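Trainee: Test case, fold it:
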Amino acid sequence: MKSSLTVTPEEIAAARNAYGDVIEPSFFKRAAPWALSALILGYLVWLWIKFGLTLELFGKGAAKLGEFVVKMLPPDPGPYAGEFLSATGETLGMAFLGTLFASIIAYPLAFLGASNVVRNAPTHFIVRRIFDIFRGIPSLIWALLFVAGFGLGPMAGVLALMMADFAPLAKMGAEAIENADRKPVEGVTSTGASRLQVLRFALVPQILPVQLSQSLYFFESNVRSAAVLGIVGAGGIGYYLSDLSRNNHWDMVAFILIVFLVLVYAIDFVSKRLRGLITGERV
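Mentor: Next up is the predicted model:
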C-alpha cells in the first residue's frame, strides 16, 4: 500500500535552502567540536607536564598522607582542649560578624545595582563594575591586607570576610530585584504611591526573604573560610591548625578537625531549616 504522503522535489529544495546547515553542516561546523576537543586535550597534557604530575609523585604523596592519618589516631587535644574550643568559637564569631556586616552593606547596594530601580544606564554600569572589582578579590588577599594594617587577630578576619562578601551578596540581591514579580509593583504604582513606597511595599517583601536566605548560605561558607583565614594571622582555629601541623602534632590536629566538622554540620543543619522557613520551602 502506497503512502498518501509524498514530498515533491520543490519541497526538498526549499527545505535544503531553509535548513541546509542542519541537514548538511559545513566543514567548519563539523570540524569545530573535534578542534575544540583537541585543544582541551592538548591543554590537559601541557598541564600534566608543566606540573610534573606522575604516578610516582601520586604514590609518594599518598604514602605520606597515610603516615599523617596514622599519627592522627587517636585524636588527642592534650591540655589544650579549652583553648581549641575557644578558638573554634572565635572562628564562628568571625564568620557571623563578617556575614552580618557584609549583608548590611549589600542590602542598599542591591537596589542601586538593579536596573529596574536605578534606570540611569551609566550609573547602573558603574555600580555593577564596582561589584565585579570587589568580587574578584578573594578573602585571603583581604586578610593579608587587614593583618598588615590592623595586626594579628579576629578583627582582620571579620573585615576580610565583610569585604569579600558584600559585592557578591549585592549582585545576587540586584538580580533578585530585577527578577521580582512586576504585578505587585504595578498594583502599588497604580495607587499613586511614590518610588520609595513602591520599593517598601512591592519590592522589599519579595526580596527580603531571598536576601536573608543568601546571607545564611554565605554564613555557612564563611565558617569554613574563617578557619582558612586564621592561617595567615586573622585569628581563630586556623592559627592552631597551621601551628600544630608545622610541628607534627597530628593527634591535636585530628581533634580540632573533628570539633570543626561537628560545628560545620550543626550550622549547615540549622541554616538549611532556617532558609526553608524564610523562603517557605519544605526541607
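Trainee: ok now do Q214, which residues does it touch?
Mentor: Neighbour list for Q214: L169, M172, G173 [criterion: C-beta atoms under 8 Å, 6 or more residues apart in numbering]. Bear in mind the C-beta positions are built from the backbone N, C-alpha and C, glycine included.
Trainee: before we move on, which element is the last one in?
Mentor: Taking DSSP states H and E as the criterion, G173 maps to helix 154-178.
Trainee: Can you spell out which helices and strands pack onto the helix or strand following that helix?
Mentor: Downstream of helix 154-178, the next assigned helix or strand under DSSP H and E is helix 182-190. Applying 3 or more C-beta pairs under 8 Å, 6 or more residues apart in numbering; DSSP states H and E, one finds that helix 182-190 makes contact with helix 195-198.
Trainee: Now do whatever helix or strand comes next after the helix it packs on: distance to the chain's middle.
Mentor: With elements assigned by DSSP H and E, the helix or strand that comes after helix 195-198 is helix 204-229. Centre-to-centre, helix 204-229 and its host chain are 10 Å apart (C-alpha atoms, centre = their mean, to the nearest Å).
Trainee: Restrict the helix or strand just after helix 204-229 to CA atoms and write it as PDB.
Mentor: For helix 204-229, the following helix or strand on the C-terminal side (DSSP H and E) is helix 237-246. Output of helix 237-246 as PDB, limited to C-alpha atoms (Å, rounded to 0.1, in the frame of the first residue of the first chain):
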ATOM      1  CA  ILE A 237      41.100  28.000  64.900                       C
ATOM      2  CA  GLY A 238      43.200  28.300  61.700                       C
ATOM      3  CA  TYR A 239      46.100  29.600  63.600                       C
ATOM      4  CA  TYR A 240      46.200  26.400  65.800                       C
ATOM      5  CA  LEU A 241      45.800  24.200  62.700                       C
ATOM      6  CA  SER A 242      48.700  25.800  61.000                       C
ATOM      7  CA  ASP A 243      51.000  25.800  64.000                       C
ATOM      8  CA  LEU A 244      50.200  22.300  65.100                       C
ATOM      9  CA  SER A 245      50.600  20.800  61.600                       C
ATOM     10  CA  ARG A 246      54.000  22.500  61.200                       C
END
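Trainee: now helix 237-246 against helix 204-229, angle please.
Mentor: If you take axes from the mean of the first three to the mean of the last three C-alpha atoms, to 10 degrees, helix 237-246 sits at 30 degrees to helix 204-229.
Trainee: Helix 237-246 vs helix 154-178, what angle?
Mentor: Using the same axes, to 10 degrees: helix 237-246 against helix 154-178 is 120 degrees.
Trainee: tell me what helix 237-246 is packed against?
Mentor: Against helix 237-246 (3+ C-beta pairs under 8 Å, 6+ apart) you get helix 81-112, helix 204-229, helix 250-279.
Trainee: in the chain, what secondary structure element scores lowest on mean pLDDT?
Mentor: Of the helices and strands making up the chain, the lowest-confidence element is helix 9-23, at a mean of 63, by mean pLDDT, DSSP states H and E.
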